[in-house]
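> got a sequence here, can you build the structure:
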Amino acid sequence: MAFELAPELHRDCIELASWPLCKVLLMNDSQYPWFILVPQVEGAREIIDLTEAQQTQFWQESKQLSELLMTVFTPDKLNVAALGNMVPQLHVHHIARYTHDAAWPKPVWGVHTAQPYSESQLLALKKALSL
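A predicted model of the protein is given here:
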């Protein structure tokens, strides 16, 4: 069976890159620099579902994304979380947070209606990230 992105992630996100293990997604909500890593492993629901080699690769990619977000966005806090309560497919959120953002200090989920990126915002973001 081939890997397929969960329909919810496909609907709510913009695919930015495909790294050796993970797809790099951007949540289509311009209120927050909100990225998601999705290991391209069919049936994976938890990090422990990955092989040891895949887990090592995942943590390397998570570190790479985290460092990129810290450099590009210089947030006050970087939230990294794998919840999966609504979307069971393994995916890990990487969210650059600021003390002045729209949801601070609460979690970003469901606080405000998403504000999709404009084409110009998306182009600028892709350029800044070099993805």
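
> any low-confidence regions in the protein?
Regions of the chain meeting the criterion pLDDT under 70 cover residues 1.

> strands of that one, start to end?
13-18, 22-27, 34-39, 77-81, 92-97 (DSSP state E).

> can you list the residues that contact the shortest one?
Contacting residues not belonging to strand 77-81 are listed as 62, 66, 69-70, 92-98, 107-108 [CB atoms under 8 Å, 6 or more residues apart in numbering]. Where C-beta positions appear, they are placed from N, C-alpha and C, glycine not excepted.

> try 6 Å
66, 93, 94, 95, 96, 97 (CB atoms under 6 Å, 6 or more residues apart in numbering).

> now stretch 35-45
Stretch 35-45 is touched from outside by 1, 3, 21-23, 25-26, 58, 88, 90-94, with contacts defined as CB under 6 Å, 6+ apart.

> go again with 8 Å.
Stretch 35-45 has contacts (CB under 8 Å, 6+ apart) with 1-6, 9, 13, 16, 18, 21-27, 49-50, 54, 58, 61-62, 65, 69, 84, 88-95.

> ok so, going back, could I get the strands of the chain in CSV, plus columns for distance to residue 128?
Converted to CSV, the strands of the chain look like this (distance: least, CB to CB, whole Å):
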stretch, distance to residue 128
strand 13-18, 11
strand 22-27, 12
strand 34-39, 13
strand 77-81, 16
strand 92-97, 12
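
> which ones are touching the closest residue to residue 28 other than its chain neighbours?
Closest residue in space to residue 28, ignoring its immediate chain neighbours: residue 116 at 4.9 Å, by CB to CB, 6 or more residues apart in numbering. Counting by CB under 8 Å, 6+ apart, residue 116 touches 28, 29, 30.

> could you find the residue nearest the spatial middle of this structure?
When CA atoms, centre = their mean is applied to the chain, the residue found nearest the centroid is residue 36 (1.4 Å).

> excluding its backbone neighbours, what's nearest it?
Nearest residue to residue 36 in three dimensions, chain neighbours excluded: residue 25, at 4.3 Å (CB to CB, 6+ apart).

> residues contacting the one you found?
9, 13, 14, 15, 16, 35, 36, 37, 38, 91.

> all good on my end, thank you.
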